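**Student:** just to be clear, the model below is a prediction. Sequence and coordinates:
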Amino acid sequence: MSKIFKPDFKQISTSSGIYQFLSATGVVLYVGKAKNIKNRLKSYYNKDHGRGPRIDLMLDEANDIKIIETDSEIEAILLEAELINKLKPKYNVSLKDDKSFLAISF
């Protein structure tokens, strides 16, 4: 088992946005959204948070994280859905089906 990539959390924004876990070759493994990017990414590295075997596999394979900040959480939700549908990341299990639509309720 290789050493798990861990970002420098001091350099990560607390704004809303999306994050992409990338493989060593730059392939997007997972796309996620966050109201607070720093807090959300920290949760992936907290083993007591019950992250599950799928997340463990993704973290083993991840080599970098790409972050895109957004002006709002709604913008992050829409961008996440767009990127998942476009890139079809290996570790995203929901939103992969092109036959369904993302529902946003207010």
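**Tutor:** That came through fine. Numbers count the residues shown, from 1 in each chain.

**Student:** now the lowest-mean-pLDDT helix or strand in the chain: buried residues?
**Tutor:** The weakest-scoring helix or strand in the chain, judged by mean pLDDT, DSSP states H and E, is helix 52-61 (a mean of 89). For helix 52-61, the neighbour count (16 or more other CB atoms under 10 Å) marks 55, 58, 59, 61 as buried. C-beta: built from backbone N, CA, C; applies to glycine.

**Student:** format these as a markdown table; extra columns: distance to residue 68.
**Tutor:** A markdown table is the format used below for the buried residues of helix 52-61 (distance: CB to CB, whole Å):
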| residue | distance to residue 68 |
| --- | --- |
| 55 | 21 |
| 58 | 19 |
| 59 | 20 |
| 61 | 21 |
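
**Student:** who does the least confident helix or strand of the chain touch, helix- and strand-wise?
**Tutor:** Packed against helix 52-61, as judged by 3 or more CB pairs under 8 Å, 6 or more residues apart in numbering; DSSP states H and E, are the following elements: strand 28-34.

**Student:** after the strand it packs on, heading C-terminal, what element do we hit next?
**Tutor:** helix 37-44 (DSSP states H and E).

**Student:** in the protein, which spans are strands?
**Tutor:** With strands called from DSSP state E, the chain shows them at 17-22, 28-34, 64-69.

**Student:** pLDDT below threshold where in this structure?
**Tutor:** For the chain, residues meeting the criterion pLDDT under 70 lie at 1-2, 48-50, 94-106.

**Student:** how close does the residue nearest to the spatial centre of it sit to residue 22?
**Tutor:** A centroid search over the chain (CA atoms, centre = their mean) returns residue 32, at 2.9 Å, as the residue closest to the centre. To residue 22, residue 32 is 13 Å away according to CB to CB, to the nearest Å.

**Student:** if anything else comes up later, I'll come back, but that's it for now.
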